[in-house]
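Peer 1: no sequence on hand, only this structure:
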């Protein structure tokens, strides 16, 4: 008896165009939701790495003061040495001066000619002038290199030592950035910054900036904290060794 092929042939099931479009739309929606999460996770990791850099710098500062009669390192000296030159022998690394979120190509990780971080040298040219606007780091005043003693720090936990900065002169935070009259406050967006355009404190870590304080602790803060003024509205309290000065 002849074998006839079955009239019930098997049909391969395939996706319709509508089904494919639905799957693609779902994938696109998931990507739109997850990519920002991944981006924030990466930036959180970079912020943690940046905080580690500042913590190492803080230890370097403290080791320096132990070797130099409890005096803070110079911000800048007549021998053309920067504060990074004072800290580097203790950190044993140049990489700590490079923030992983700092995309400025002018900031190297192989020398102390630039830094992603600025040291608080507010008022360093007027050291000893009796004003409240004198930062914890000092330097060349034209004739002599001067240094501030640890005992002079009235409020170490609320006095800024170094922080995230940006710009071609970002490794210095000095008088032109420390008074409301000079700076005017917080400007810009994405990220916000405070200071002059060539050297400013920048919120480059998820709308925060990492800060090192003179007691050694490191914290991510909003610029609003550093923009708090004294009662006379003449200087920013976080930049002075004597926040209670009139």
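Peer 2: Thanks, I have the structure now. If you're wondering where the values come from, they're calculated on a predicted model, not measured in any experiment.

Peer 1: can you classify the residue nearest the centre of the chain by secondary structure?
Peer 2: Centroid-nearest residue in the chain: residue 164, 1.9 Å away (criterion: C-alpha atoms, centre = their mean). Assigned by DSSP: H, G, I helix; E, B strand; the rest coil, the conformation of residue 164 is strand.

Peer 1: quick check: closest non-adjacent residue to it.
Peer 2: Spatial nearest neighbour of residue 164, chain neighbours left out: residue 209 (4.1 Å); criterion: C-beta to C-beta, 6 or more residues apart in numbering. Where you see a C-beta, it was placed from the backbone N, CA and C, and this is true even at glycine.

Peer 1: ok, then the element right after the helix or strand hosting the one you found?
Peer 2: Assigned by DSSP states H and E, residue 209 falls within strand 209-213. Where DSSP H and E defines the elements, the next helix or strand beyond strand 209-213 is strand 218-221.

Peer 1: report the buried residues of stretch 228-246.
Peer 2: Using 16 or more other C-beta atoms under 10 Å as the test for burial, stretch 228-246 gives 230, 235, 236, 237, 238, 239, 240, 241, 242, 243, 245.

Peer 1: picking up where we left off before, quickly run through the sheet partners of the strand holding residue 209, with directions.
Peer 2: Its sheet considered, strand 209-213 pairs with strand 160-166 (antiparallel), strand 218-221 (antiparallel) by DSSP bridges.

Peer 1: list the contacts of the shortest one.
Peer 2: Outside strand 218-221, the residues within contact range by C-beta atoms under 8 Å, 6 or more residues apart in numbering are 47, 51, 54, 55, 58, 205, 208, 209, 210, 211, 212, 213.

Peer 1: one step back: who are the neighbours in contact with the residue nearest to the centre of the chain?
Peer 2: 50, 99, 102, 116-118, 201-205, 209-211.

Peer 1: repeat that for residue 46.
Peer 2: Contact partners of residue 46, counting by C-beta under 8 Å, 6+ apart, are 99, 100, 101, 205.

Peer 1: circling back: closest one of the contacts of residue 164 to residue 75?
Peer 2: Ranked by distance to residue 75 (C-beta to C-beta), the contacts of residue 164 are led by residue 118 at 9.8 Å.

Peer 1: next one: phi and psi at that closest one?
Peer 2: Here is the backbone geometry of residue 118 (degrees, to the nearest 10): phi -110, psi 140.

Peer 1: pLDDT below threshold where in the chain?
Peer 2: For the chain, the stretches with pLDDT under 70 are 1-15, 37-38, 123-133, 140-144, 168, 174-177, 184, 243-246.

Peer 1: and the strands in it, which stretches?
Peer 2: Here the chain has its strands, by DSSP state E, at 74-76, 117-120, 138-139, 160-166, 172-173, 186-187, 193-196, 199-202, 209-213, 218-221.

Peer 1: so which of these comes closest to residue 25?
Peer 2: Short answer: strand 218-221, nearest of these by C-beta to C-beta, at 37.4 Å.
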